[in-house]
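Engineer: coordinates for the following, if possible.
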Amino acid sequence: MIARHISTETDPFRRGAEFGRAHRDAVHGTVQAYEKLFSAVHGYGHSDVLAAGAAVGAELSAYPDVVSEIAGIASGAGVEAATLMAVNARTELLAGASRPECSAIGVLPSRTGGETILAQNWDWHPDVRSSLVVWTIPGEDGSWFTTFTEAGILAKIGLNSHGVGVCVNILGSSADGGLDGVPIHVLLRLMLQSCQNIEDADRLLRRSHVSASSCFNVGWSGSASDDAAIAAFEVSPGGVVRLEPVDGVLAHTNHFVGDLGSDSDRLLPDWPDTVARLSELSSRVAVQSAPLDVYKVKTLLRSHDAGPIAICCHDPENPIYADRQESLASVVLRLDDRSIEISDGPPCTNPYESIQPLAAPTA
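Structural biologist: Numbers count the residues shown, from 1 in each chain. Predicted coordinates for the structure are as follows:
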């Protein structure tokens, strides 16, 4: 069962320390997995990771609460703060050098029959499997947000009490490189804790400089079904391209669909499976005449038709360590009722557990 954590502290450092103490082993697991990945991909030793973390911390000086919370997690878990800073910039440190991950889909009420759904399979290295956690942070004003993430990383997939949800696909641009931007996972956290609708998310992404590329698949349930919105934001150092749904559906994998201008796609030439996965999602959606409800979205996410690197991914024993990958979880965000459904492992063999964010975790 994926771990749960509901924060009780409001001060960023104390909140982080509370989390770190509660999930000490999982945070250590996250750090160890990424130190091994950084070594496999770049040959980094411990001193290199610390130097990268110091650079990330300096870039985040404009976000003191973020720095304080990461430091708190490190303190509570007993790891070095600089190491955890580097781990929170894992997308930047692995940019263009790691295998692409994840297939995502968003569906508007006009196609589901009444609700707004955002969903994805999270495909990543099996060494982080034991680090997964669903973390809920209540606000003093009664608001809250919940993120499914790796222990020690501030955010990943998630939703908030305003009905904003986000899924993410890694991308690779020829402009990627360096640590002189806001880390992608920090942007995910800022979006979940501050955005009240999809236009807030648009403004946040456009004003934030990044040094690595990703696609933010953002949904908002709206105040009524007619107000619901979904958009994919392809974010790179070259800027932001917004993609809108077609016939109520928006799917995305790991290549740029929008215009990259003078930059080029770094992942597409080496990983054509991203095109196969997007084509499979699109073709399966095209033949759906009945509503594309949550049951059918889950069925899409169980598909193996594109081979081992299919929508439901199974390649955990790849002989190249850095290329090992599996659908470690499948996540469905049901934005209208502010709930999350997650499979602990590939969705083809594992049931989805429904989570109400503020409900106390069951034993």
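
Engineer: would you mind listing the buried residues in the helix ranked longest in the chain?
Structural biologist: Ranked by residue count, the top helix of the chain under DSSP state H comes out as helix 24-42. Under the neighbour-count criterion of 16 or more other C-beta atoms under 10 Å, helix 24-42 has 24, 26-31, 33-35, 37-41 buried. For the C-beta atoms, the positions are set from N, CA and C on the backbone; glycine is no exception.

Engineer: contacting residues for the most centrally placed residue in the chain?
Structural biologist: Centrality entry for the chain: nearest residue to the mean C-alpha point is Lys156, 3.5 Å, by C-alpha atoms, centre = their mean. Going by C-beta atoms under 8 Å, 6 or more residues apart in numbering, Lys156 touches Trp122, Thr147, Phe148, Thr149, Glu150, Val168, His185, Leu188.

Engineer: and for Ser339?
Structural biologist: By C-beta under 8 Å, 6+ apart, the contact set of Ser339 is Ser354, Ile355, Gln356, Pro357.

Engineer: what does Ala71 give?
Structural biologist: Counted by C-beta under 8 Å, 6+ apart, Ala71 has contacts Phe13, Gly16, Ala81, Leu84.

Engineer: okay, buried residues for the one helix or strand it maps to please.
Structural biologist: Secondary structure assignment for Ala71, by DSSP states H and E: helix 64-77. Of all the residues in helix 64-77, those buried under the rule 16+ other C-beta under 10 Å are 65-77.

Engineer: where do the strands sit along the stretch 101-250 of the chain?
Structural biologist: 103-107, 117-124, 132-138, 144-150, 157-160, 164-170, 214-220, 229-236, 239-243, 249-252 (DSSP state E, counting those that start in this stretch).

Engineer: quick one: low-confidence ranges for the stretch 1-150 of the chain?
Structural biologist: The model of the stretch 1-150 of the chain has no residue with pLDDT under 70.

Engineer: list the contacts for the residue nearest to Arg206 when sequence neighbours are not counted?
Structural biologist: Leaving aside its sequence neighbours, Arg206 sits nearest to Val240 (C-beta to C-beta, 6 or more residues apart in numbering; 5.2 Å). Taking C-beta under 8 Å, 6+ apart, we find Val240 in contact with Asp202, Leu205, Arg206, Phe233, Glu234.
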